[in-house]
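Enquirer: below: sequence and its predicted model.
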Amino acid sequence: MQRNRLHITLFVLLAVLSLVVAFGDLLLGTTSIPLSEVWAVLVGNSENANYIKIITELRLPKIIVALLSGMALSASGLQMQTMFRNPLAGPYVLGINSGASLGVALFTLALPMLGGLSGTMFMRLGITGVAWIGSAAVLMLVMALSRKIKSVSTILIIGMMLGSAISAIVGVLQYMGSEESLKTFVVWTMGSLSTVTMADIAIFAPIIIVGLVLGIVAIKSLNMLLLGEGYARTMGLNVRRSRTIIFLSTTLLAGTVTAFCGPIGFIGLAMPHLARMTFRTADHRVLMPATILWGALSMLLCCLVTDLVAHHSMILPVNTITALLGVPIIIFVVMRNRNRQ
């Protein structure tokens, strides 16, 4: 009973902190907006056209994307760590990130050499599309192999080898690409939350919601898989079906975030550990919502940091902030696990 009260308190605290940070994101940026004006815009009473445009077209979409991206990456990271029983497994261990990178590399580096790319709007929509197709293609291959391979460790190794092979292909394309196309690809790899518009969110949000729902459906399976697939089978779990649901959820979550925002590192890897440390439980009925809340808060914090830096006329890629946030957590987890051995 006391632990349940502690969990509820932590859930409320994380939710309130997320709202506070989100509101801070609305206030800050290259242009500071008074609190009264922000509230007026949100309730529809503002007469300042500039403030309305900044909040509704720039800051509010970025906050929504940060919220959904943090939830998606952290949930997919938790699923992968449980599935592979590996504390250093992240949402991209199946080659999802590499598949997206290959799609974007082919689009931005290979097509220009063939004269097949023109128009910034076409390019903008194309990068998102090919990134998602690349992610989905790699996962479909891994899922097809997983139907014939029972060992989850073997699947992990195959995913890593696929990622390495794809990275080699991307490296060749980078070497052959023009300076302009190479810059476009490198900028995409740095990740960005501000390039997603409200029109994009109409596609982005439903896919993330479906992925999160699948993750919630898989909670019971994840609890059984904690002690290994052999134990799960003895408990009557259909491991193949559960594995398919988890892989599909991970692709929808991590693949969609990568397609729209670029590869964002460390959130999916670090937030499940932060949830375990704060909630002190291995029960996914608690861990899943806890990880999702931590992911949302962490991405909103990263968004706030970039806004604070932008206020001083300096723009940082979101990947630099997520790395600074996630790396200390991962080092702490590795050192703690080493001390326990």
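Expert: Arrived safely, thanks for sending. Residues are numbered from 1 along each chain as shown.
Enquirer: correct me, but residue 264 touches residue 76?
Expert: No. Using C-beta atoms under 8 Å, residue 264 makes no contact with residue 76, being 11.5 Å away. For every residue, glycine as well, the C-beta is placed using N, CA and C.
Enquirer: now the helix or strand hosting residue 15: buried residues?
Expert: Following DSSP states H and E, one finds residue 15 within helix 2-27. For helix 2-27, burial by neighbour count (16 or more other C-beta atoms under 10 Å) applies to 7, 10, 14, 18, 21-27.
Enquirer: next structured bit after it?
Expert: helix 35-43.
Enquirer: show me what that following helix is packed up against.
Expert: helix 2-27, helix 49-53 (3 or more C-beta pairs under 8 Å, 6 or more residues apart in numbering; DSSP states H and E).
Enquirer: how much space between the residue of the chain most remote from its centre and residue 40?
Expert: Distance from the C-alpha centroid of the chain, by C-alpha atoms, centre = their mean, peaks at residue 47 (36.2 Å). For residue 47, the distance to residue 40 (C-beta to C-beta, to the nearest Å) stands at 8 Å.
Enquirer: what's the answer for residue 197, then?
Expert: As judged by C-beta to C-beta, residue 197 and residue 40 stand 23 Å apart.
Enquirer: for residue 83, same thing?
Expert: Remark: distance between residue 83 and residue 40 (C-beta to C-beta) = 47 Å.
Enquirer: next, count neighbours for residue 136.
Expert: When neighbours are defined as other C-beta atoms under 10 Å, residue 136 has 20 of them.
Enquirer: what are the phi and psi values at it?
Expert: Here is the backbone geometry of residue 136 (degrees, to the nearest 10): phi -60, psi -40.
Enquirer: contacts only, for it.
Expert: Contacts of residue 136 were listed using C-beta atoms under 8 Å, 6 or more residues apart in numbering, and they are 99, 251, 255.
Enquirer: quick check, pLDDT for it.
Expert: If you check residue 136, the pLDDT there is 80.
Enquirer: same thing with residue 288?
Expert: Residue 288 is assigned 95 on the pLDDT scale.
Enquirer: got the contact list for the residue lying closest to it once chain neighbours are set aside?
Expert: Of all residues not flanking residue 288 in the chain, residue 219 sits nearest, at 5.6 Å (C-beta to C-beta, 6 or more residues apart in numbering). Residues in contact with residue 219 (C-beta under 8 Å, 6+ apart) are 284-285, 288.
Enquirer: can you check residue 83 too?
Expert: Residue 83 makes contacts with 89, 152, 222, 225, 243, 246, as judged by C-beta under 8 Å, 6+ apart.
Enquirer: for this protein, give me the ranges with low pLDDT.
Expert: Along the chain, the model assigns pLDDT under 70 to residues 1, 111-125, 150, 310-314, 337-341.
Enquirer: and the residue nearest the centre of it?
Expert: Note: the chain centre (C-alpha atoms, centre = their mean) maps to residue 73, 3.0 Å.
Enquirer: do I have it right that residue 290 meets residue 279?
Expert: Yes. Using C-beta under 8 Å, residue 290 is in contact with residue 279, at 4.8 Å.
Enquirer: can you list residues touching both of these two?
Expert: 7, 10.
Enquirer: tell me which of those two has more neighbours.
Expert: residue 290 (26 against 22).
Enquirer: packing partners for the helix or strand containing residue 305?
Expert: Assigned by DSSP H and E, residue 305 falls within helix 284-310. Helix 284-310 makes packing contacts with helix 2-27, helix 60-84, helix 198-217, helix 219-225, helix 267-279, helix 318-340 when contacts are defined by 3+ C-beta pairs under 8 Å, 6+ apart.
Enquirer: also compute the angle for it relative to helix 318-340, please.
Expert: 130 degrees (axes from the mean of the first three to the mean of the last three C-alpha atoms, to 10 degrees).
Enquirer: buried among the contacts of residue 219? Make that a PyMOL selection.
Expert: Buried residues within the contacts of residue 219, by 16+ other C-beta under 10 Å, are selected in PyMOL with:
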select buried, resi 284+288
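Enquirer: I'd like the contacts of residue 219 as a markdown table, with distance to residue 156 appended.
Expert: Formatted as a markdown table, the contacts of residue 219 follow (distance: C-beta to C-beta, whole Å):
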| residue | distance to residue 156 |
| --- | --- |
| 284 | 20 |
| 285 | 25 |
| 288 | 21 |
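Enquirer: and which of the contacts of residue 219 is nearest to residue 190?
Expert: Nearest to residue 190 out of those is residue 288 (C-beta to C-beta; 29.3 Å).
Enquirer: who's in contact with that closest one?
Expert: For residue 288, the contacting residues are 75, 78, 215-216, 219, 222, by C-beta under 8 Å, 6+ apart.
Enquirer: switch to 7 Å and redo it
Expert: Counting by C-beta atoms under 7 Å, 6 or more residues apart in numbering, residue 288 touches 75, 78, 215-216, 219.
Enquirer: residue 31 now?
Expert: residue 54.
Enquirer: residue 22 versus that one, what's the distance?
Expert: 18 Å.
Enquirer: which parts of the stretch 51-200 of the chain are helices?
Expert: For the stretch 51-200 of the chain, the helices defined by DSSP state H, counting those that start in this stretch occupy 60-84, 96-105, 111-114, 120-146, 152-176, 179-189, 198-217.
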